[in-house]
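**Q** Sharing a sequence plus its predicted fold:
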Amino acid sequence: MDIIDTKLVKINPNNIDYEILSEAASIIKNGGTVIFPTETVYGLGANALDEDACDKIYKAKGRPSDNPLIVHIISMDELNKLVREIPENAEIMADKFWPGPLTMIFDKKDIISYKITAGLETVAVRMPENKIARELIRLSGCPIAAPSANTSGKPSPTSAQHVIEDMLGRVDMIIDGGSCDIGLESSVVDITGDIPTILRPGKVTKEDIERLFGKCDTDPAIIKSDEKIVPKSPGQKYRHYSPKAELILYKGSLKKTVNSIKKDCKEYIRKAKKVGIIASEQTRSFYDNLNDEVVIKVVGDRKNPLTIATNLFDVLRSFDSSNVNVILSESFDDKGIGGAIMNRLGKAASKKIELGKLKVLFVCTGNTCRSPMAEGIMKDIARQKGWDIEISSAGISAIDGDNPSQNAVLVLNKMGIDISKHKSRLINEKMLEEADLIITMTNQHKEILLRRYNNLEGKITSFNIQDPYGRSHNVYQSCSEEIRGEILKISDSLMI
């Protein structure tokens, strides 16, 4: 395409320069293209009612023609002019989430060109919250079609610098309005059916919508990587958000993920590859002993997933300037906005490695008192905290099939934990090999296992729980409380 003389301007959203913004609106009115900030990502805008103007969007981005554009408005009156019907569900969602990071799919009126909708009879509409975006739409006097302002396939832009890297010379004006608050594109929800259906996850989550209606479906193409499933939103079939380097996404327990990333990192270094790692605040220190040339980027705080969403695209883009050959990325909790984070990482990844659940094995002597109590207590804690892990127990000198101690059963019953069906197991090499973490009840048990078996270093630790066998109910009670305390102490190091 021909190079355009792009005008760069800066606007403070808290003190808008209306002279500059009026110039941007004039460009939109006259069929030009303007890049502007929203609360999600930067958008590449043109008059949504002008086919030729919208065609410039596709050319500037290198965007496939079967990937529809989102139309941005500032009032429900505007919406009435664009869509055939505003269902009751849509009115409820608009009242709750507009203005904000939600796009809804409606049956379109003829005023909306098939150029906008990629040939579909539906149109995607959203009402942004960002002050600059809203004022630009108002001054332009028309709805603005605006996908993310990146070249197709690259991570979406969350700062003006990202936009300049991709779009300088491709558009008429770029407005620098600072960093975007959310950092992920809007949630896209189809409300043309009886039940709202998420076509693209974002900050407005499935849980948010279910609180309104009780039900919310998700397009199967978001959940499953299956080429036979045709996504309801055509753009979802393309790989997006990709940095230049190959990105490998590790999915499984955090402990297994960190260990696998460290192991694979060393192998890539051996092959003379420069490696990047996407870590979190909670895991950054676990990579300290790697090669100094490894580029480690902290994407955010797992306890505050919005920080991860806000930083994700910036982190992906930053690896391009680091000249890494491969990026190894942790996964994140897919609940709430985490679903959107994992959707974007999944789209960016060229390879996914499924690691499975963390497997924890407790070991004592006979596997009738301490280790089955620890197994039961940790299973109860895991259930309460939502840990997706496998927990078992065995004994160094156990007889297979023995029942648990009666006092152990009674004490745990008082805690609402039933171990009455437990059967003792004699430890063997296969159990130890399959376990990711082995926790012995005393250091003596640990030393015995280290003498008898190989390759346990790094995955075995010990408590200091004395044997209650043959002693009073009160001793068993104290033992159970001590075990629970020890498990809670190490929960952070378990990274679950």
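**A** Thanks, I have it.
**Q** Below-threshold pLDDT in the stretch 151-300 of the chain: ranges please.
**A** 223-240 (pLDDT under 70).
**Q** And the strands in it, which stretches?
**A** 173-176, 187-190, 197-200, 217-218, 246-252, 275-279, 295-298 (DSSP state E, counting those that start in this stretch).
**Q** if you average pLDDT over stretch 39-57, what comes out?
**A** The average pLDDT for stretch 39-57 rounds to 97.
**Q** Figure out the length between the terminal residues of that stretch.
**A** With CA to CA, to the nearest Å as the measure, the first residue of stretch 39-57 is 20 Å from its last.
**Q** quick one: buried residues of that stretch?
**A** 39-50, 53-54, 56-57 (16 or more other CB atoms under 10 Å). Backbone N, C-alpha and C define where each C-beta goes, glycine included.
**Q** same thing with stretch 72-79?
**A** His72, Ile73, Ile74, Glu78, Leu79.
**Q** Let's check: the centremost residue of this protein is which one?
**A** Nearest residue to the geometric centre of the chain (CA atoms, centre = their mean): Ile341, 2.5 Å.
**Q** Which one of the buried residues of stretch 72-79 is nearest to Asp17?
**A** Using CB to CB, Ile74 is the member of the buried residues of stretch 72-79 that lies nearest Asp17, at 19.1 Å.
**Q** what sits against that closest one?
**A** Pro99, Met127, Pro128, Arg134, Ile137, Arg138 (CB atoms under 8 Å, 6 or more residues apart in numbering).
**Q** Val204 is in contact with Thr103, isn't it?
**A** No. Val204 is beyond contact range of Thr103, at 9.1 Å (criterion: CB atoms under 8 Å).
**Q** overlap in contacts of the two?
**A** Ser186, Ser187, Val189.
**Q** which of those lies closest to Met373?
**A** Nearest member of these to Met373, counting by CB to CB, is Ser187, at 45.1 Å.
**Q** how about the closest residue to Gly100 other than its chain neighbours, what does it touch?
**A** In space, and not counting its chain neighbours, Gly100 is closest to Glu129: 5.1 Å by CB to CB, 6 or more residues apart in numbering. Shown in contact with Glu129 (CB under 8 Å, 6+ apart): Thr38, Glu39, Pro99, Gly100, Pro101.
**Q** Apply 6 Å and report the result again.
**A** Glu39, Pro99, Gly100 (CB atoms under 6 Å, 6 or more residues apart in numbering).
**Q** Next, the first one: secondary structure please.
**A** Here Glu39 is recorded as coil under DSSP: H, G, I helix; E, B strand; the rest coil.
**Q** looking at it, it is touching Ile182, isn't it?
**A** Yes. Contact between Glu39 and Ile182 holds when scored by CB atoms under 6 Å: they sit 5.4 Å apart.
**Q** Identify the residues contacting Ala48.
**A** By CB under 6 Å, 6+ apart, the neighbours of Ala48 are Val71, Pro143, Ile144, Ala145.
**Q** hang on, the earlier thing: identify the residues contacting the residue nearest to the centre of the chain.
**A** Ile308, Ala309, Phe332.
**Q** same check, this time on Gly336
**A** Counting by CB under 6 Å, 6+ apart, Gly336 has contacts Thr205.
**Q** my hunch is that it is in a helix, does that hold up?
**A** No. Counting by three-state DSSP, Gly336 is not found in a helix; it is coil.
**Q** could you measure it against Leu306, distance?
**A** Separation of Gly336 from Leu306 (CB to CB, to the nearest Å): 9 Å.
**Q** And for Ala24?
**A** 29 Å.
**Q** the more surrounded of the two?
**A** A direct count of neighbours by other CB atoms under 10 Å for Ala24 and Leu306 places Ala24 higher, at 26 against 18.
**Q** Not counting its neighbours along the chain, what's nearest the more buried one?
**A** Val34 (4.8 Å).
**Q** Report the beta-bridge partners for that neighbour.
**A** Gly45, Met173 (DSSP bridges).
**Q** That one: how many residues sit nearby?
**A** Under the criterion other CB under 10 Å, the count of neighbours that Val34 has is 27.
**Q** For it, which residues are in contact?
**A** Ala24, Ile27, Ile28, Gly45, Met173.
**Q** ok, now Thr440?
**A** Val363, Lys446, Ser462.
**Q** try 7 Å this time
**A** Val363, Lys446, Leu449, Ile460, Ser462 (CB atoms under 7 Å, 6 or more residues apart in numbering).
**Q** Let me know the pLDDT of it.
**A** 98.
**Q** pretty sure Leu184 is touching Thr310, no?
**A** No. Leu184 is beyond contact range of Thr310, at 8.1 Å (criterion: CB atoms under 7 Å).
**Q** which of the two has more neighbours?
**A** Leu184 (27 against 20).
**Q** Next, that one: phi, psi?
**A** Note on Leu184: its backbone torsions stand at phi -120, psi 150 [degrees, to the nearest 10].
**Q** Quick check: it vs Thr205, distance?
**A** Taking CB to CB, one finds Leu184 at 11 Å from Thr205.
**Q** cool, and Ile57?
**A** 28 Å.
**Q** next one: His445
**A** Taken as CB to CB, the span from His445 to Thr205 is 45 Å.
**Q** who's more crowded, those two?
**A** His445 (25 against 19).
**Q** Excluding chain neighbours, what is closest to that one?
**A** Closest to His445 by CB to CB, 6+ apart is Val363, at 5.6 Å.
**Q** same question, Gly119
**A** Asp66 (7.0 Å).
**Q** my guess is the one you found contacts Thr117, does it?
**A** No. In this structure, Asp66 is not within contact of Thr117 by CB under 7 Å, at 10.1 Å.
**Q** Of the two, which one has the most company?
**A** Thr117 (18 against 12).
**Q** what about the longest helix in this protein?
**A** For the chain, the longest helix by residue count, based on DSSP state H, is helix 473-494.
**Q** elements contacting that helix?
**A** helix 370-385, helix 406-414 (3 or more CB pairs under 7 Å, 6 or more residues apart in numbering; DSSP states H and E).
**Q** Among the ones you listed, which comes closest to Gly214?
**A** helix 370-385 (25.0 Å).
**Q** got the angle between whichever helix or strand comes after that closest one and helix 473-494?
**A** Next along the chain after helix 370-385, taking DSSP states H and E as the criterion, comes strand 389-395. Interaxial angle, strand 389-395 versus helix 473-494 (axes from the mean of the first three to the mean of the last three CA atoms, to 10 degrees): 130 degrees.
**Q** So what touches strand 389-395?
**A** Outside strand 389-395, the residues that reach it (CB under 7 Å, 6+ apart) are 253, 357-367, 371-372, 374-375, 378-379, 382, 424-427, 431, 496.
**Q** Which among these count as buried?
**A** For the contacts of strand 389-395, buried by 16+ other CB under 10 Å: 253, 358-367, 371-372, 374-375, 378-379, 382, 424-425, 427, 431, 496.
**Q** follow-up on the earlier one: and the residue nearest to Gly100, that's in a helix?
**A** No. Glu129 is assigned coil when assessed by three-state DSSP, not a helix.
**Q** Alright, I will stop here.
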